[in-house]
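Colleague: generate coordinates for the sequence data below:
(one chain, ligands or ions: 1)
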Amino acid sequence: MNSKIGVKILSTGSYVPEKILTNFDLEKMVETSDEWISTRTGIKERRILDKSQVTSDLAYNAAVKAIEKAKISVDDIDLIVVATISGDAPMPSTACYLQKKLKAFNSTAFDISAACSGFIYGVTVVKGLIQSGLYKRALLVGVEALSRVTDWTDRNTCVLFGDGAGAMIFEASETEDDIVSAYLGADGSFTELLNIPAGGAINPTTEETARQKLQYIKMQGKEIFKVAVTKMAEAAIKVQEKAGLKDEDITLYIPHQANLRIIDAVAKKAGVNKDKVYVNVHKYGNMSAATTIVALDEAISEGIVPKGSLVELVAFGAGLTWGACILKINF
Ligand code: UT7
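Modeller: Just a heads-up that it's a prediction; the model follows:
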């Protein structure tokens with residue numbers, strides 16, 4: 001690791017599909033109500049990708065915006081990392097589909113699988129690869145087409161998820177280091193709490209797995225809720241401690257947007273100023289790896305992240321995985 005190499009963040013971009021699915025639409029699909037969904041989760045509506053679109057199209061739209069804002073050429077990108085659990089196909093990587101669409105053929109491209117913590121895992125991976133001196137300019141995308149892996153007859157899950165994509169461009173720098181702190185965690189003893197049971201080596205896809213709808217997300221929500229609050233609060237504090245920072249140093253907190261009740265409980269447990277916590281779960285639901293980066297891009301567009309701000313992202317997801325990072329936004 002070359003400690004003299006820093007990582008500059010050049011830009012962000014995001015894209016959500018046009019189609020809006022409201023809680024009232026869901027009332028017509030499963031036995032649920034706007035009242036239940038709103039009070040239990042804070043979600044009012046979510047975006048659903050068009051039949052003609054796939055995951056890498058959402059990623060492409062977000063990436064193009066970030067590339068334009070960074071004023072770089074696709075030929076300058078030497079690393080593409082995509083965080084997703086709902087990619088174009090089990091093989092090859094969505095990063096390779098994205099590379100083809102962008103025509104960014106000077107790049108290495110691969111996916112990482114850390115579910116809702118995927119973007120923060122990606123920030124850490126990109127930081128390490130740039131600081132090692134191996135790569136100079138990276139595109140990181142958090143993207144999900146969760147509507148394609150959702151059982152639309154299961155009210156326990158189908159009211160929660162949405163589709164979207166967010167992107168960030170990074171560059172090696174001798175003078176700046178915008179990834180101020182990062183902290184990751186995982187506990188594989190909880191793999192069964194949130195998973196897609198079929199389509200892998202455990203349950204190869206068969207007519208029987210399809211009949212049992214095992215190709216869709218299964219979740220034990222109540223159990224996850226408790227671990228999510230504990231681990232997100234822990235990550236929120238540890239990432240500050242690692243950098244010698246305090247609540248007053250942070251301009252904006254962007255927690256994973258799965259459930260407003262989880263966001264509130266984490267803010268309380270971590271002792272962070274609630275007025276600085278960004279929320280957009282009402283508009284998009286849980287977009288897994290896309291949530292924190294879409295929220296960050298929106299917050300920047302809204303003008304609430306002045307140049308030089310420190311923004312703290314915190315997330316939690318299947319694995320179970322969790323993580324946090326503090327980013328300096330200097331553009
Ligand atoms: O992205 C990271 C991973 N995921 C999460 O972070 C999700 C974490 N968990 C949660 O957000 C919450 O646990 C849920 C929103 C999933 C559920 O909220 P809850 O307050 O834990 O509800 P519950 O699962 O205890 O269900 C309460 C009741 C049940 O009925 P009974 O058994 O009390 O009669 C459910 O059957 O609500 C029922 N229910 C629903 N009712 C109307 C479950 N889903 C629905 C629904 N509409 N969509």
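Colleague: list the contacts for the residue most central in space within the chain?
Modeller: Per C-alpha atoms, centre = their mean, the C-alpha nearest to the average position across the chain is that of Ala289, at 2.3 Å. Residues in contact with Ala289 (C-beta atoms under 8 Å, 6 or more residues apart in numbering) are 83-85, 114-119, 122, 142-144, 317. C-beta coordinates here come from the backbone N, C-alpha and C atoms, glycine included.
Colleague: which one is the closest residue to the ligand within the chain nearest to, not counting chain neighbours?
Modeller: When distances are taken as C-beta to the nearest ligand atom, the chain reaches nearest to the ligand at Gly221, 2.8 Å away. Using C-beta to C-beta, 6 or more residues apart in numbering and skipping the chain neighbours, the partner closest in space to Gly221 is Asn156 (6.5 Å).
Colleague: and the strand or helix carrying that neighbour with the ligand, contact?
Modeller: Using DSSP states H and E, Asn156 sits within helix 155-158. Yes: Helix 155-158 comes into contact with the ligand (C-beta under 6 Å from any ligand atom), by way of Arg155, Asn156.
Colleague: just the mean pLDDT for that helix, thanks.
Modeller: Over the span of helix 155-158, the pLDDT mean works out to 98.
Colleague: which helices and strands sit right next to it?
Modeller: strand 218-219 (3 or more C-beta pairs under 8 Å, 6 or more residues apart in numbering; DSSP states H and E).
Colleague: sheet partners, orientation included, of the strand it packs on?
Modeller: Sheet pairing of strand 218-219 (DSSP bridges) gives strand 194-195 (antiparallel).
Colleague: residues making contact with the partner strand?
Modeller: Ala115, Ile217, Lys218, Met219, Gln220, Ile224, Gly317, Ala318, Leu320.
Colleague: may I see the PyMOL selection of the buried members of those residues?
Modeller: Buried members of the contacts of strand 194-195, defined by 16 or more other C-beta atoms under 10 Å, are picked up in PyMOL with:
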select buried, resi 115+217+218+219+224+317+318+320
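Colleague: got the CA positions of the following helix or strand past the helix holding Asn156 in PDB?
Modeller: Counting by DSSP H and E, the next helix or strand C-terminal to helix 155-158 is strand 163-173. Provided in PDB are the C-alpha atoms of strand 163-173 (Å, rounded to 0.1, in the frame of the first residue of the first chain):
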ATOM      1  CA  ASP A 163     -35.300  -0.300  -8.000                       C
ATOM      2  CA  GLY A 164     -32.600   2.400  -8.700                       C
ATOM      3  CA  ALA A 165     -28.900   3.100  -9.200                       C
ATOM      4  CA  GLY A 166     -26.200   5.500  -7.900                       C
ATOM      5  CA  ALA A 167     -22.600   6.100  -9.100                       C
ATOM      6  CA  MET A 168     -19.500   7.700  -7.900                       C
ATOM      7  CA  ILE A 169     -16.200   8.500  -9.600                       C
ATOM      8  CA  PHE A 170     -12.800   8.400  -7.800                       C
ATOM      9  CA  GLU A 171      -9.300   9.400  -8.800                       C
ATOM     10  CA  ALA A 172      -5.900   8.900  -7.300                       C
ATOM     11  CA  SER A 173      -4.500  12.100  -5.800                       C
END
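Colleague: touching the ligand at all, strand 163-173?
Modeller: No: on the criterion C-beta under 6 Å from any ligand atom, strand 163-173 is out of touch with the ligand, staying 13.6 Å away.
Colleague: which other helices and strands contact that strand?
Modeller: strand 6-15, strand 45-48, helix 55-70, helix 118-131, strand 137-145, helix 291-301.
Colleague: quick one: strands adjacent to the second one?
Modeller: Taking DSSP bridges as the criterion, strand 45-48 sits next to strand 19-22 (antiparallel) in its sheet.
Colleague: and the partner strand, what's buried?
Modeller: Here strand 19-22 shows Leu21 as buried, counting by 16+ other C-beta under 10 Å.
Colleague: and the contacts of that strand?
Modeller: So strand 19-22 is in contact with Asp34, Lys44, Glu45, Arg46, Arg47, Ile48, Leu49, Asp50, Gly162, going by C-beta under 8 Å, 6+ apart.
Colleague: out of the residues you listed, which are buried?
Modeller: Asp34, Lys44, Glu45, Arg46, Arg47, Ile48, Leu49, Gly162.
Colleague: farthest-separated two in these?
Modeller: Asp34 and Leu49 (22.7 Å; C-beta to C-beta).
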